[in-house]
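Asker: Got a sequence here, can you model it:
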Amino acid sequence: MAEAVYILCALTAVACAVLLLRAYGRSQSRLLLWSGLCFVGLGVSNIMLFIDLVVLSTTVDLYLPRVLTTLASVSILLYGLIWDAS
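Answerer: Sure thing, here's the model as predicted:
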């Protein structure tokens, strides 16, 4: 059951990224770009979570790369909110 949740979370993040980046392509609003890039990173982080806990379960620990990917994603969004939103 947990595997399905991991996959659904990754698919949701990727779908949000696609929708946000498509909207950015139409409107050229930079906040949509930063949000879309954030969700791309969150989607990658969720995919790494699935790989870490389901596929590689005990052989490799991807905790640090997952956390760094999530931190980078949120940092991109924070940058966009602070410097480009004004």
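
Asker: going forward, measure contacts between C-alpha atoms and count neighbours the same way
Answerer: OK.

Asker: Look through this protein and tell me its longest helix.
Answerer: Using DSSP state H to define each element, the chain has its longest helix at helix 2-27.

Asker: what mean pLDDT would you report for whichever strand or helix holds Gly43?
Answerer: Gly43 belongs to helix 30-50 when assigned by DSSP states H and E. Taken as a whole, helix 30-50 has a mean pLDDT of 96.

Asker: Buried residues in stretch 77-85, which are they?
Answerer: By neighbour count with 16 or more other Cα atoms under 10 Å, stretch 77-85 contains the buried residues Leu77, Gly80.

Asker: I'd say Ile47 and Thr12 touch.
Answerer: No: between Ile47 and Thr12 there is no contact under Cα atoms under 8 Å: 11.1 Å.

Asker: For Leu8, give me its contacts.
Answerer: Leu8 makes contact with no residue, according to Cα atoms under 8 Å, 6 or more residues apart in numbering.

Asker: So which of Ile47 and Thr12 has more stuff around it?
Answerer: Between Ile47 and Thr12, counting by other Cα atoms under 10 Å, Ile47 is the more crowded of the two (19 against 16).

Asker: can you give me phi and psi for Thr58?
Answerer: When quoted as degrees, to the nearest 10, the phi and psi of Thr58 stand at phi -110, psi -10.

Asker: for the helix or strand hosting Ala72, what is the average pLDDT?
Answerer: Taking DSSP H and E as the criterion, Ala72 maps to helix 63-79. Here helix 63-79 scores 96 as its mean pLDDT.

Asker: picking that back up, what mean pLDDT would you report for the longest helix of the chain?
Answerer: Regarding helix 2-27, the rounded mean pLDDT is 97.

Asker: Buried residues in it, which are they?
Answerer: Of the residues in helix 2-27, 6-7, 9-10, 12-18, 20-21, 24 count as buried by neighbour count, 16+ other Cα under 10 Å.

Asker: got the angle between that helix and helix 30-50?
Answerer: Counting by axes from the mean of the first three to the mean of the last three Cα atoms, to 10 degrees, helix 2-27 points 160 degrees away from the direction of helix 30-50.

Asker: chain center to helix 2-27: distance?
Answerer: Its chain's C-alpha centre and that of helix 2-27 lie 8 Å apart, by Cα atoms, centre = their mean, to the nearest Å.
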